[in-house]
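> missing the sequence, but the structure's below:
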């Protein structure tokens, strides 16, 4: 009746998602086999601990950091206000940026915020991933794929762009398993039209570090939907939908259990979240839901959503997520916020915060906002930032003093800061490994799709003479096309070696095929499957015996050859 689904272990942790299957609201299922949530493996549903998401305090490796909790409580007891917004955890592992605030306080106690220039705010996006869709799709260009001796499989696109005010430009994109490179060159620098291999040599000059380019099996892509496939691969790393956690911290709270158990929030907190986005009703919500349930109200009835510079953001607000009075850890809330990458911490009083209080494998960036004079015309917000030490710094920078007025400029600043923080967190080693693994798998699928129909552009890098002994050359891509056959000579078919052992009667005869315009041997008589009769073989002419032992190897065939041939 209440929409929850009872399980043999813990009825609070299993929910019914939109499709009617048991699992987490973001689509990850808990079945008899392992599942995945944001790349983290979840064990079967019958294990109680496995029901806890990867960021839960029940996870053995993510117990609350008691040293940080003790440091926060000691700071509150021994030091006098004002306290820093963020403290460095005793165990380290984070960089912290606490701004300068007191210089903006006037004698009458009113805070003033400096002016900020929002014109220079830019989202840290991967423009290289967008270049193919922006300049190539729908226009005349060529796509190739090949294998390079050092780089491995590559996909290459180039075009001559004449729709520019200056001289035509040569646009080229080189894709490998590890990266995508985009280059633009003016065509006026070229004295002649280049071949595809020469364009590749220009592109890979920096990658090869002066080594010569070794291209094998260069082929023109002829698949009808090649542009769609390549664009989809290029833009797989471009995220336009984001989910961000917001947690409410009261004065003196030092543990995640205390923060997650806040079932109500202050008017100042409500004023802040409404500045970030609009309050939406989840049931029937058709836009980006950020893993929240939009059918059965299993994850609350309302949330905060906004669209900003073409990006969709769904906020996981702790006080709007389901509250369970019998659950001290509030797993239903930690399930979502613990799987976010960026966490916004709101404080309506001066109290310190440690970035390792909320333990999670995914949370990498923390933005702390502390309000002064809330719900008045003089409301200002003080901001501090912290992130794991392997996360690069992200823009826009904190102004001096780091105090903001409650206006549109502050909304632009903090939303840009949140999105850029998430983009920089993906460069951390933990996320980088996952991204590289995903790219490698998608690149393999792209090669298979592009090689269904192709056209040979160049000869293979080896010599293609008339007297060659290689049987076949494997395609540079696994199983996507038939191997290129080469004509075989008699030296390939008849190896000059002596046989020293009798063959097994069950040995399957080796199939051979001769393609030679100079010599056509007489039809060979296939030997029977029974044990060979040595007396019959020895009764033949000695030249026949010699020929059989030297050319057949296993006496599976009996062939009468020309006299004198050995």
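Structure received. What you are looking at is a predicted structure, and each value in this text was computed from that prediction instead of being measured. Residues are numbered from 1 along each chain as shown.
> report the buried residues of the helix ranked longest in the chain.
Counting by DSSP state H, the longest helix found in the chain is helix 429-450. Residues of helix 429-450 classed as buried by neighbour count (16 or more other C-beta atoms under 10 Å): 430-431, 439, 443, 446-447, 449-450. Just so you know, the C-beta spots here come from the backbone N, C-alpha and C atoms, and that holds for glycine as well.
> what about the helices in the protein?
Ranges of helices within the chain are 66-78, 131, 196-203, 205-208, 226-234, 256-260, 267-276, 331-337, 408-425, 429-450, 490-493, 534-538, 542-547, based on DSSP H.
> is it possible to export the ones you listed to a markdown table including distance to residue 393 and mean pLDDT?
Shown next, in a markdown table, are the helices of the chain (distance: least, C-beta to C-beta, whole Å; pLDDT from 0 to 100):
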| stretch | distance to residue 393 | mean pLDDT |
| --- | --- | --- |
| helix 66-78 | 23 | 89 |
| helix 131 | 26 | 94 |
| helix 196-203 | 31 | 84 |
| helix 205-208 | 26 | 69 |
| helix 226-234 | 27 | 95 |
| helix 256-260 | 26 | 93 |
| helix 267-276 | 22 | 96 |
| helix 331-337 | 24 | 94 |
| helix 408-425 | 7 | 96 |
| helix 429-450 | 16 | 93 |
| helix 490-493 | 63 | 38 |
| helix 534-538 | 83 | 35 |
| helix 542-547 | 79 | 40 |
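> could you export these as JSON lines, including distance to residue 311?
Listed next are the helices of the chain as JSON lines, based on distance: least, C-beta to C-beta, whole Å:
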{"stretch": "helix 66-78", "distance to residue 311": "32"}
{"stretch": "helix 131", "distance to residue 311": "19"}
{"stretch": "helix 196-203", "distance to residue 311": "31"}
{"stretch": "helix 205-208", "distance to residue 311": "32"}
{"stretch": "helix 226-234", "distance to residue 311": "18"}
{"stretch": "helix 256-260", "distance to residue 311": "27"}
{"stretch": "helix 267-276", "distance to residue 311": "13"}
{"stretch": "helix 331-337", "distance to residue 311": "19"}
{"stretch": "helix 408-425", "distance to residue 311": "6"}
{"stretch": "helix 429-450", "distance to residue 311": "18"}
{"stretch": "helix 490-493", "distance to residue 311": "61"}
{"stretch": "helix 534-538", "distance to residue 311": "82"}
{"stretch": "helix 542-547", "distance to residue 311": "78"}
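> ranking those by burial, who's on top?
Greatest average neighbour count among the helices of the chain goes to helix 331-337 (a mean of 25), per mean count of other C-beta atoms under 10 Å.
> show me what contacts residue 185?
Residue 185 makes contacts with 169-170, 172, 202, as judged by C-beta atoms under 8 Å, 6 or more residues apart in numbering.
> give me that answer again for 6 Å
residue 170 (C-beta atoms under 6 Å, 6 or more residues apart in numbering).
> the one 5 residues further on now?
Contact criterion C-beta under 6 Å, 6+ apart gives no residues in contact with residue 190.
> and for the one 4 residues further on?
By C-beta under 6 Å, 6+ apart, no residues touch residue 194.
> how close does it get to residue 182?
For residue 194, the distance to residue 182 (C-beta to C-beta, to the nearest Å) stands at 18 Å.
> per-residue pLDDT of residue 28, please?
Residue 28 carries a pLDDT value of 36.
> what residues does stretch 397-407 touch?
97, 99-101, 103-104, 111, 113-114, 116, 379-383, 410.
> hmm, which two among those are most spread apart?
The most widely separated members of those, counting by C-beta to C-beta, are 97 and 379 (22.5 Å).
> more neighbours: the two, which one.
Comparing residue 97 with residue 379 by neighbour count (other C-beta atoms under 10 Å), the higher total belongs to residue 379, at 21 against 15.
> name the nearest residue to that one, ignoring sequence neighbours.
Among residues not flanking residue 379 along the chain, residue 406 sits closest, at 4.3 Å (C-beta to C-beta, 6 or more residues apart in numbering).
> what's that neighbour sitting at in phi/psi?
phi -80, psi 90 (degrees, to the nearest 10).
> which among the helices of the chain is found nearest to residue 309?
Shortest separation from residue 309 across these is recorded for helix 408-425, at 8.0 Å, computed as C-beta to C-beta.
> right, so of the helices of the chain, which gets closest to residue 317?
Ranking the helices of the chain by proximity to residue 317 (C-beta to C-beta) places helix 267-276 first, at 6.0 Å.
> which neighbouring elements make contact with that closest one?
If you count contacts as 3 or more C-beta pairs under 6 Å, 6 or more residues apart in numbering; DSSP states H and E, helix 267-276 packs onto no helix or strand.
> 7 Å instead, please
strand 302-308, strand 311-317, strand 365-372 (3 or more C-beta pairs under 7 Å, 6 or more residues apart in numbering; DSSP states H and E).
> need the contact partners of that helix.
Counting by C-beta atoms under 7 Å, 6 or more residues apart in numbering, helix 267-276 makes contact with 246, 248, 304, 306, 315, 317, 346, 348, 369, 371, 374-375, 406, 411, all of which sit outside it.
> scan the residues you listed and report the most crowded one.
Among these, residue 317 has the most neighbours (other C-beta under 10 Å), with 28 neighbours.
> per-residue pLDDT of that one, please?
97.
> quick revisit: and the pLDDT at the residue nearest to residue 379?
94.
> can you check residue 115 too?
87.
> could you report the neighbour count for it?
Residues lying near residue 115 (other C-beta under 10 Å) number 8.
> now it: closest residue in space that isn't a chain neighbour?
residue 409 (8.0 Å).
> which of the contacts of stretch 397-407 lies closest to residue 150?
Using C-beta to C-beta, the contacts of stretch 397-407 come closest to residue 150 at residue 97, 40.9 Å.
> ok, for that closest one, nearest residue in space, not its chain neighbours?
residue 385 (4.6 Å).
> quick check: bridge partners of that neighbour?
Beta-bridge partners for residue 385, by DSSP bridges, are residue 97, residue 367.
> what does the pLDDT read for it?
Reported pLDDT for residue 385: 97.
> what's the burial count for it?
Neighbours of residue 385 using other C-beta under 10 Å come to 23.
> that one contacts residue 95, doesn't it?
No. Here residue 385 does not reach residue 95: they are 8.9 Å apart, not a contact under C-beta atoms under 7 Å.
> low-confidence ranges in the stretch 1-150 of the chain?
Scanning the stretch 1-150 of the chain for pLDDT under 70 picks out the ranges 1-64.
> show me where it has strands.
Applying DSSP state E, counting those that start in this stretch to the stretch 1-150 of the chain gives strands spanning 15-16, 22-23, 35-37, 40-42, 94-98, 142-148.
> what comes up buried for the fifth one?
Pointing back at strand 94-98 there. 94-96, 98.
> which residues does residue 186 contact?
If you count contacts by C-beta under 7 Å, 6+ apart, then residue 186 has 167, 169 around it.
> now it: how far from residue 167?
Counting by C-beta to C-beta, the gap from residue 186 to residue 167 is 5 Å.
> neighbouring contacts of stretch 369-383?
Contact with stretch 369-383 is made by 85, 99, 101, 110-111, 113, 267-268, 271-272, 344, 346-348, 350, 367-368, 398, 402-406, 410, as judged by C-beta under 7 Å, 6+ apart.
> figure out the length between the terminal residues of that stretch.
5 Å (C-alpha to C-alpha, to the nearest Å).
> stretch 120-129 too?
First-to-last residue span, stretch 120-129, C-alpha to C-alpha: 22 Å.
> next, the buried residues of that stretch.
Those would be 121, 124-125, 129, for stretch 120-129 by 16+ other C-beta under 10 Å.
> which one of the residues you listed is nearest residue 260?
Distances from residue 260 to the buried residues of stretch 120-129, taken by C-beta to C-beta, are shortest for residue 124, at 30.2 Å.
> isn't that closest one up against residue 420?
Yes. With contacts counted by C-beta under 7 Å, residue 124 reaches residue 420, the gap being 4.4 Å.
> next, the buried residues of stretch 338-350.
338-348.
> tell me which of these fall in strands.
342-347 (DSSP state E).
> state the distance from the residue lying closest to residue 213 once chain neighbours are set aside to residue 374.
Once flanking residues are discounted, residue 213 sits nearest to residue 201: 4.9 Å by C-beta to C-beta, 6+ apart. Residue 201 sits 63 Å away from residue 374, taking C-beta to C-beta as the criterion.
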